[in-house]
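1. No letters, just coordinates:
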C-alpha cells in the first residue's frame, strides 16, 4: 500500500510555563491510500488535536507531518488553506453547515470558494453527491430546515465535493440516532470502497469503530494500539 | 470574487430587519449630510444675494492722474502741478471698453455710470444725496430698480429722476412733482420725479437718486466719458478671476467685490467650516454605526467563518465578504439617504424665491454624489476592522463554539 500521510514524533503543547499542557507526546502514525480507519481513545487522549493537525487547521509544536509527499509543517497559512481545500474533507460532529445556504450551496462551497463562483459543473457534481446521499428531494432546501441525519449527509457530500484524498470525521455519528448513524456510516463505507477515499473517523462508539477495517487507539498523546 | 459578493448579499438578506435598521441608520446620516449641505450652501447664497446681489461684482473706477512734475537737468524737482480738486476723473474711452467687457465670459451686464454728490431741494427742504447717472435701458443692470419700484417707472430719460421711498417721504414728494438737484460741481437742474423704489436698504432708500446718463453729464460737467463702469457676473464667486481678465483685456483697474469684503468672506468661511464639522460628524456616525454592526455580525458568525476557513476559504476571501457587506450597506444607505434628502428638500422654495420666514435651502447644493461616495468609502473603511477580525478567527476554536 502507498502511504497517504505520515506523522512522526508529533508533539503538541498548549499554554506555557506551569500552565503548559502536553496533549500529543511524540505520536507517530501512517495512513495508507484507501484506508478506512477508526480513531479511538478516551476523552482528553488527543484524538481531536490529532485530527485538527492532520486537517492542517493547527500546526504541531514539533514533529513531522507530511501528506502526499508535502511537508505541511513548513507550509504557510495560504499554502495550507489551498492544500486543505484540495486534498482534505471534514465531517464534524455537529455537521457545521452554513445555515443561510441551501443544501446544494453548502455542498458546492469548497469548489466555489476556490474558483470564485458556482460553476455549472460544480453544481452538477453537488446534485450528484446529494442524490447519492439520498437527498435528491432536499437539494434546494435551506440547510436549517433539514433533520440532523440529513444535515450530516449533506456534510459528508460537502467533504467529498473536491474529491479529496483524505476525509477526517470527528464523531460524525455522535449526534445521530442509531438508524441515521448507520445510514451515514454505510455511505462512508460505500465511498471508501468505490472511490478509494481514505477516511479517518474519530469515535467513542465501538460499533462504529467495528465498521472500519483498522482501529487506531490513542492514549496519553501517543498511539497505543 | 463574485462568490464573495453572493455570500455577502446572503448574509445581509438573511437578517433583513437588522440590515434594514443598519441601512436606515446610514440613510439618516446621509440625510443629515445632504440637509446640512443644502442649508449651508443655501444660506451662503442667500446672504450673498442679499448683500452682494445688488452691487457691482467688478467695478472700474476712473483714477486721478499722477501730478505733473517739472524736473531740472540735474534731477531736482522744480515744480509740481497740484491735482485739480474740482475736476472729476473720467474713463474717457468707456464707450470703447463697454462692448469689449460684455464679451468676457461670465459677464451678464455692464453699466457705465457717472456718479457724484448733490443736494436735492424742494421748497425749503434740502437733502444731501448721491447721484448716479445710468444709461437708459440699463437701469436694472446692477441694482434691480425695476424689481424694487413701488410707484412709477424705473425708466430714465432727460429731465427725470428716480429716488428711494424714505427720501420721498422725508421730502414729502409724490410722482410727477418737480424738484431741483444741484450737483457738487455747482450745476443745477430741475427734474421730474418719475419713480419711487424701496430696496429695504435704509441707506440706499434715503440717499440714492438715479438720473439718465445725459442728465448726469450736464450736472457734473462731463461732456464725454464716465466715472465708473459697474459689471455684474453670473457667478459672483468668479469675481476675482473675471476682474483679472478684464484688467488684462482693458488695462483698467478692475476691482472685484471681494476687495474690502473680507469680513463677509470670513463670516461665510466660518459658516462653511461649521458645515464641514457637522457633515464630518454625520460621516463619523455612519462609520461607527457600520463598524459596530459588522463587528457584531463578525462575532455572531464566528462558527460559520471557522467552517468556511476549514473548507478552504482564505483570509482574503473572508475579508472580502465583510468589506463587501460594508460597501453594500454604504451604497444602499447612501442612495436611500440621498433620495430622502432630495424629497425632503423639494417643498422648500427655490434659490431664486427665498421667502422671509423659511429656511433658505438650496436643493441644488445637496452634494448628493459626494454624500453617496463618501458614505460608501466610509462604510468600506468601517468594515475593514471587522473584516480583519473575521479573517483572524481561529477555525478550530470557532467550530468548537
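-> Received it, and whenever you're ready, just let me know what you need. Computed from a predicted structure; not experimentally measured. Numbering: from 1, shown residues only, chains lettered A, B, ... in the order given.
2. and the closest residue in space to residue A:67 that isn't next to it in sequence, what element?
-> For residue A:67, ignoring the flanking residues on the chain, the nearest one in space by CB to CB, 6 or more residues apart in numbering or on different chains is residue A:5 at 4.0 Å. Where you see a C-beta, it was placed from the backbone N, CA and C, and this is true even at glycine. Secondary structure from DSSP states H and E places residue A:5 in strand A:3-14.
3. List of residues touching that strand?
-> A:20-33, A:35, A:46, A:49-50, A:53-54, A:58, A:60-68, A:165-166, A:198, A:221 (CB atoms under 8 Å, 6 or more residues apart in numbering or on different chains).
4. switch the cut-off to 7 Å
-> With CB atoms under 7 Å, 6 or more residues apart in numbering or on different chains as the contact definition, strand A:3-14 has outside contacts at A:20-33, A:49, A:53-54, A:60-68, A:165-166, A:198.
5. Produce a ChimeraX select command limited to the buried residues of the residues you listed.
-> Command for ChimeraX that selects the buried part of the contacts of strand A:3-14, burial taken from 16 or more other CB atoms under 10 Å in any protein chain shown:
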select /A:23,24,27,29,31,49,53,54,60,63,65,66,67,165,166,198
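6. Looking at the contacts of strand A:3-14, which are in helices?
-> Of the positions in those, A:49, A:53, A:54 sit in helices, assigned by DSSP state H.
7. residues in chain B within reach of chain A, list them.
-> B:1-3, B:10-11, B:14, B:303-304, B:307, B:310-314, B:317, B:395-396, B:399 (CB under 7 Å from any CB of the partner chain).
8. Let's see that with 10 Å instead.
-> Residues of chain B lying near chain A by CB under 10 Å from any CB of the partner chain: B:1-7, B:10-11, B:13-15, B:301, B:303-304, B:306-318, B:394-400.
9. Of the residues you listed, keep whichever come out buried.
-> Among those, the ones that count as buried (16+ other CB under 10 Å) are B:3-7, B:11, B:14, B:301, B:303-304, B:306-315, B:317-318, B:395-396, B:398-399.
10. just checking, which of the residues you listed belong to helices?
-> Per DSSP H, helices hold the following members of those: B:3-7, B:11, B:14, B:303-304, B:306-310, B:315, B:317-318, B:395-396, B:398-399.
11. so residue B:28 touches residue B:375, yeah?
-> No: judged on CB atoms under 10 Å, residue B:28 makes no contact with residue B:375 at a distance of 11.3 Å.
12. Of those two, which one has the most company?
-> residue B:375 (29 against 18; other CB atoms under 10 Å in any protein chain shown).
13. What sits closest to the more buried one if chain neighbours are left out?
-> Per CB to CB, 6+ apart, closest to residue B:375 is residue B:334, 3.8 Å.
14. So what's the residue count around that neighbour?
-> By other CB under 10 Å, 28 other residues sit near residue B:334.
15. shouldn't it be in contact with residue B:367?
-> No: counting by CB under 10 Å, residue B:334 does not reach residue B:367; the two are 11.7 Å apart.
16. and for these two, which residues touch both?
-> Common contacts of residue B:334 and residue B:367 (CB atoms under 10 Å, 6 or more residues apart in numbering or on different chains): B:33, B:373, B:374.
17. Buried members of the residues you listed into ChimeraX, please.
-> The ChimeraX selection below is limited to those of those classed as buried (16+ other CB under 10 Å):
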select /B:33,374
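18. For chain B, what's its nearest residue on chain A.
-> In chain A, the residue that lies nearest chain B is residue A:85 (2.4 Å; CB to the nearest CB).
19. That residue and residue A:163 touch, don't they?
-> No: Residue A:85 is beyond contact range of residue A:163, at 11.6 Å (criterion: CB under 10 Å).
20. who's more crowded, those two?
-> Just comparing residue A:85 and residue A:163: by other CB under 10 Å the higher neighbour count belongs to residue A:85, 22 against 12.
21. May I have the phi/psi pair for the residue lying closest to the more buried one once chain neighbours are set aside?
-> Residue nearest to residue A:85 in three dimensions, not counting chain neighbours: residue B:312, with 2.4 Å by CB to CB, 6+ apart. Main-chain torsions, residue B:312, degrees, to the nearest 10: phi 110, psi 10.
22. And residue B:312, how close does it get to residue A:80?
-> If you measure residue B:312 against residue A:80 using CB to CB, to the nearest Å, the figure is 10 Å.
23. got it, and residue B:373?
-> Distance from residue B:373 to residue A:80, by CB to CB: 39 Å.
24. Next, the contact list for the nearest residue to residue B:238 once chain neighbours are set aside, please.
-> Leaving out its chain neighbours, the residue that sits closest to residue B:238 by CB to CB, 6+ apart is residue B:106, at 5.3 Å. Contact analysis of residue B:106 by CB under 10 Å, 6+ apart lists B:57-58, B:231-236, B:238-239, B:241-242, B:245.
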